[in-house]
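Asker: Following is a predicted model, sequence given first.
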Amino acid sequence: MRAVGGRSASRPMPKRRKSPAVPPGQRKLTGVASLGASAHVTPRAGSRFAACPICAKNFPRHAVETHAGGCLGEPSPTPSTSAPTQPPPSNDPTRRPAARLRSTSGPVARVRIGGPDASWMPCAVESLREMVPDLPFVLVERVMPPRDADALLEDLRAEATTWGQDEWWIAGEARKAPRLTAVYEMRVDDARAEALRMAGLDDDDDDAEDGGGSERVPPPGMRVAAERASAAVTAALRSVPSRHLPDDVLESIGDDSYQWAPTYAVANFYRDGSDRVGPHADQLTSLGPLPAIAGLSLGATRSFRLRKRWPGRPGEDASDRSGDVWVDVPLPHNSLAVMLPPCQELWTHEIVREGGGGAGGGARDGKARVSLTFRRRARDWVDRAPTCECGRRCVLKTRRGDAPAPAFAVNTDNDGVMDAEDGKTPVMYYYTCDPVNGGKPCKFYKPVKVVAL
Ligand SMILES: O=C(O)CCC(=O)C(=O)O
Ligand SMILES: [Fe+2]
């Protein structure tokens, strides 16, 4: 990762070149060869028609989603000895996504490109990165042996009765999180874990972070889950462009023996469909920049929504929503949602409230869901966090690097100014005071660096 600016490197921001490619209100899907080079899935503002992402024909906007769902539901042609009633399979690339969608047996995601007036387009989960080429996300289904996943759900549901409800300071008020949370330490070996569990103790060699409180000793099934997460993340990281990899991964990923391994897990218990987590990017205090995070889902299927954090440019017309990208992915029981770098920097994620839209829904084990988000502590970043004015450990966050500093930040210039290379987004890392369960934060603000991602 290359730092390209920072507090001491304030320079005037060059005027951004306007991209001439697509008329306002339309979004060209570059890299989506299967849709054809000129396929636009969002109609011009005011246009009554939109193209189906599957067959590429135009339909009235209100009908395109229903139609695309029908394209999706077409049965796959079965081999037959009688004369074919269907035309032979086409080599036309615009037909390829339909084939992928028809052949999928897994969950169906949906994508919306453009503002709220744009249509949601159904998409097989395995084809998401064709629809949204820069999506830093992978879903792995049936990640654990089924019985192990079921047993782990049982164990964690029993433990979840003792998990805490964190309190955050939001918009000037203390608010209880609408879910229960705990942190599990993954570095303890099985023997020590067993001894601690027998004694009813938590691990005291802890950093008490991210969910607050002390770190718990994982039940045995969590070890299997962590191994599966390790394998999935290691494989997925090999597909990430090197400029999006953190320094430690970049140095070692060339070795065949490289293994990403989680050091802790943040567990969430969603008691029913109204429990949720709103749009956020995870704090980076313990993870450092450009982390991978792998979330195992157990129990009810819930909808995971990814949104581009900064679809427009600072100072540009806020009503132009053509750059909005929303992706809803149903997370079934025993699936692993891998957020790859730079997901925390450039996207938000959330668990959508049931009844609040979203792809998927459906219930298993009532509406209760447990997630285990496996993470890797970056030691050098853990040690770097400064203390704020009220004496607490600061948290590391990101913001758009070419936008003004946050309103609460005092005594600062617009220190995010930098040269943004074409097609990249400047991202500022900064420390601030944002305690969990700690009451009102102070106004501490300390920029760390700006990078172009
Ligand atoms: O429950 C999930 O899958 C997501 C949880 C999450 O975003 C978090 O713990 O930061
Ligand atoms: Fe999160």
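Answerer: Received the coordinates, thanks. Ligands and ions are numbered 1, 2, ... in the order given.

Asker: Give me the number of neighbouring residues for the nearest residue to Asp248 once chain neighbours are set aside.
Answerer: Nearest residue to Asp248, sequence neighbours excluded (C-beta to C-beta, 6 or more residues apart in numbering): Ala378, at 7.2 Å. Heads up, the C-betas are built off the backbone N, CA and C, glycines and all. Around Ala378 there are 22 other residues, counting by other C-beta atoms under 10 Å.

Asker: Quick one: residues contacting Ala378.
Answerer: By C-beta atoms under 8 Å, 6 or more residues apart in numbering, the residues touching Ala378 are 246, 248, 286-288, 291.

Asker: Would you convert those into CSV that also reports pLDDT and neighbour count?
Answerer: Converted to CSV, the contacts of Ala378 look like this (pLDDT from 0 to 100; neighbours: other C-beta atoms under 10 Å):
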residue, pLDDT, neighbour count
Pro246, 96, 20
Asp248, 94, 14
Ser286, 94, 23
Leu287, 96, 23
Gly288, 97, 20
Pro291, 98, 23
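
Asker: Out of those, which is nearest to Glu167?
Answerer: For the contacts of Ala378, the residue nearest Glu167 by C-beta to C-beta is Ser286; the value is 19.5 Å.

Asker: What distance do you get for that closest one to Gly355?
Answerer: Ser286 sits 34 Å away from Gly355 when distances are taken as C-beta to C-beta, to the nearest Å.

Asker: residue boundaries of the helices in the stretch 351-453 of the chain?
Answerer: 379-384 (DSSP state H, counting those that start in this stretch).

Asker: tell me which parts of it are close to ligand 1?
Answerer: Applying C-beta under 6 Å from any ligand atom, we find that the stretch 351-453 of the chain lies next to ligand 1 at 351, 371, 373.

Asker: what's the closest of the residues you listed to Ala174?
Answerer: Ala174 has its nearest neighbour among these in Ile351, at 21.5 Å by C-beta to C-beta.

Asker: wait, what's in contact with that closest one?
Answerer: The neighbours of Ile351, taking C-beta under 8 Å, 6+ apart as the test, are 268, 270, 276-277, 302-305, 369, 371.

Asker: Phi, psi for the residue in the stretch 1-150 of the chain that ligand 1 sits nearest to please.
Answerer: The minimum distance from the stretch 1-150 of the chain to ligand 1, using C-beta to the nearest ligand atom, falls at Leu139 (11.2 Å). Phi and psi for Leu139, reported as degrees, to the nearest 10, are phi -110, psi 130.

Asker: wait, Arg376 sits on Gln259?
Answerer: No. If you go by C-beta atoms under 8 Å, Arg376 and Gln259 don't touch, sitting 10.7 Å apart.

Asker: between those two, who's got more neighbours?
Answerer: Taking neighbours as other C-beta under 10 Å, Arg376 and Gln259 compare with Arg376 leading, 23 against 11.

Asker: quick one: average pLDDT of stretch 446-453?
Answerer: Mean pLDDT, stretch 446-453: 91.

Asker: cool, stretch 171-191 as well?
Answerer: Stretch 171-191 shows a mean pLDDT of 85.

Asker: Write out the residues of the chain neighbouring ligand 1.
Answerer: Within reach of ligand 1 by C-beta under 6 Å from any ligand atom, the chain has these residues: 266, 268, 277, 282, 295, 349, 351, 371, 373.

Asker: try 8 Å this time
Answerer: Residues of the chain lying near ligand 1 by C-beta under 8 Å from any ligand atom: 179, 181, 266, 268, 270, 277, 280, 282, 293, 295, 297, 302, 304, 331, 337, 349-351, 369, 371, 373.

Asker: Please pick the buried ones from these.
Answerer: 179, 181, 266, 268, 270, 277, 282, 293, 295, 297, 302, 304, 331, 337, 349-351, 369, 371, 373 (16 or more other C-beta atoms under 10 Å).

Asker: re the thing from before, ok, the residue nearest to Asp248 to ligand 1 distance?
Answerer: Counting by C-beta to the nearest ligand atom, to the nearest Å, the separation of Ala378 from ligand 1 is 17 Å.

Asker: What backbone torsions are found at Pro262?
Answerer: Per-residue torsions, Pro262: phi -70, psi 150 (degrees, to the nearest 10).

Asker: Could you tell me which residues make contact with the closest residue to ligand 1 within the chain?
Answerer: Closest contact between the chain and ligand 1, by C-beta to the nearest ligand atom, is at Ser371 (3.2 Å). By C-beta under 8 Å, 6+ apart, the contact list for Ser371 reads 267-268, 270, 295-298, 331, 351.

Asker: tell me which of those is nearest to Arg313?
Answerer: Using C-beta to C-beta, Ile351 is the member of those that lies nearest Arg313, at 28.9 Å.

Asker: So what pairs up with the closest one in the strands?
Answerer: Note on Ile351: beta-bridge partners Val277, Phe304, judged by DSSP bridges.

Asker: Return the per-residue confidence for it.
Answerer: 97.

Asker: ditto for Asp166
Answerer: 86.

Asker: thinking it is in contact with Gly438, fair?
Answerer: No. Applying C-beta under 8 Å, one finds Asp166 not in contact with Gly438, separated by 10.2 Å.

Asker: okay, the contacts of Ala378 in TSV with secondary structure next?
Answerer: Formatted as TSV, the contacts of Ala378 follow (DSSP: H, G, I helix; E, B strand; the rest coil):
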residue	secondary structure
Pro246	coil
Asp248	helix
Ser286	coil
Leu287	coil
Gly288	coil
Pro291	coil
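
Asker: I figured Ala177 was touching Glu167, is that so?
Answerer: Yes. At 7.2 Å, Ala177 counts as touching Glu167 under the criterion of C-beta under 8 Å.

Asker: between those two, which one's more packed in?
Answerer: Ala177 (20 against 16).

Asker: and the more buried one, what are its phi and psi?
Answerer: Per-residue torsions, Ala177: phi -70, psi 140 (degrees, to the nearest 10).

Asker: how about it, what does it touch?
Answerer: Each residue near Ala177 by C-beta under 8 Å, 6+ apart is listed here: 165-168, 277.

Asker: Name the pair among the residues you listed with the greatest separation in space.
Answerer: Glu167 and Val277 (14.3 Å).
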